[in-house]
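**Student:** Sequence first, predicted coordinates after that:
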Amino acid sequence: MADYQPGLVEDAMRSLAATRTEMREVNARWQRIVRSRTFPRGRRRYEAVLGPPGAVEPRRIGDADCAVAWWPPFPLWPGLRFEILMAPDGTVLHEWLVRHDGVPVPRLERVDDLVPWSCVVDDVSRNFGTVAHQDGDAPSRWHATVTEPGGGTVTAHFVWGLLQAVEHT
């Protein structure tokens, strides 16, 4: 996220009373966990870091019976929760921030309403009917092309499902 919004990351560090050193240590620990051959896989990996999920629910995707595990909102983004989508064998297919149940979506009537850290991929999909998802440059990154009413397009950049930047194309 610091790639797109270094100022917001600095604000977040202050609100969490975290230092750059602590942030780097946490990231280094997560990278070791992700690359470890011996650390638990699937949902257990996230439980080891985040604790038990708030819920695990079935979700059918096409003809596959998948499951979603989610963790309650974090202080930094009180209206969002972290969610993982798991294949029938427990493999994590996707992980991102989503809007928590019952939390209103911010007003998203115009492209100018797309403010960094204010919305998630689904908010943009629901409010701009012409969203075309593109492959990101990393598994945690998404890019969506949004067509403006006048016919122009913008690219919305997401990290872990959270809007980071909007680029006029």
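**Tutor:** Received the coordinates, thanks.

**Student:** so who does the spatially closest residue to Phe82 that is not a sequence neighbour touch?
**Tutor:** Sequence neighbours aside, Trp71 is the residue nearest to Phe82 in space, at 4.7 Å (criterion: C-beta to C-beta, 6 or more residues apart in numbering). For the C-beta atoms, the positions are set from N, CA and C on the backbone; glycine is no exception. Shown in contact with Trp71 (C-beta atoms under 8 Å, 6 or more residues apart in numbering): Tyr46, Leu50, Gly51, Pro53, Gly54, Arg81, Phe82, Glu83.

**Student:** Okay, domains of the chain per the record?
**Tutor:** 1-39, 40-104, 111-168 (automatic domain parsing).

**Student:** Comparing these, which stretch has the densest surroundings?
**Tutor:** domain 111-168 (a mean of 16; mean count of other C-beta atoms under 10 Å).

**Student:** ok, Asp137 - contacts?
**Tutor:** Contacts of Asp137 by C-beta under 8 Å, 6+ apart: none found.

**Student:** Just the pLDDT for it.
**Tutor:** If you check Asp137, the pLDDT there is 74.

**Student:** ok, now Ser140?
**Tutor:** 82.

**Student:** Leu108 too?
**Tutor:** 92.

**Student:** Likewise for Gly129?
**Tutor:** With respect to pLDDT, Gly129 has a value of 71.

**Student:** Could you check how far it is from Asp113?
**Tutor:** 15 Å (C-beta to C-beta, to the nearest Å).

**Student:** Once you drop chain neighbours, what's closest to Pro149?
**Tutor:** Here the residue nearest Pro149, using C-beta to C-beta, 6+ apart, is Arg110, at 8.0 Å.

**Student:** Next up, phi/psi of that neighbour, please.
**Tutor:** phi -130, psi 160 (degrees, to the nearest 10).

**Student:** Let the chain start at 27 from now.
**Tutor:** Right, with 27 as the first residue, what we last looked at is Arg136.

**Student:** Tell me how many other residues crowd it.
**Tutor:** 11 (other C-beta atoms under 10 Å).

**Student:** Using PDB, write down the CA coordinates of stretch 177-195.
**Tutor:** C-alpha atoms of stretch 177-195 as PDB (Å, rounded to 0.1, in the frame of the first residue of the first chain):
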ATOM      1  CA  GLY A 177     -17.100   7.600 -22.400                       C
ATOM      2  CA  GLY A 178     -13.600   8.100 -21.000                       C
ATOM      3  CA  THR A 179     -12.000   5.400 -18.800                       C
ATOM      4  CA  VAL A 180     -10.100   5.400 -15.600                       C
ATOM      5  CA  THR A 181      -8.100   2.600 -14.000                       C
ATOM      6  CA  ALA A 182      -8.700   1.900 -10.300                       C
ATOM      7  CA  HIS A 183      -5.800   0.300  -8.500                       C
ATOM      8  CA  PHE A 184      -6.500  -2.000  -5.500                       C
ATOM      9  CA  VAL A 185      -4.200  -3.700  -3.000                       C
ATOM     10  CA  TRP A 186      -5.700  -6.400  -0.800                       C
ATOM     11  CA  GLY A 187      -9.100  -5.300  -2.300                       C
ATOM     12  CA  LEU A 188      -8.800  -1.700  -1.000                       C
ATOM     13  CA  LEU A 189      -8.800   1.200  -3.400                       C
ATOM     14  CA  GLN A 190      -5.300   2.800  -3.600                       C
ATOM     15  CA  ALA A 191      -5.400   5.200  -6.600                       C
ATOM     16  CA  VAL A 192      -7.400   6.200  -9.700                       C
ATOM     17  CA  GLU A 193      -5.600   6.800 -13.000                       C
ATOM     18  CA  HIS A 194      -7.200   8.600 -15.900                       C
ATOM     19  CA  THR A 195      -6.400   6.600 -19.100                       C
END
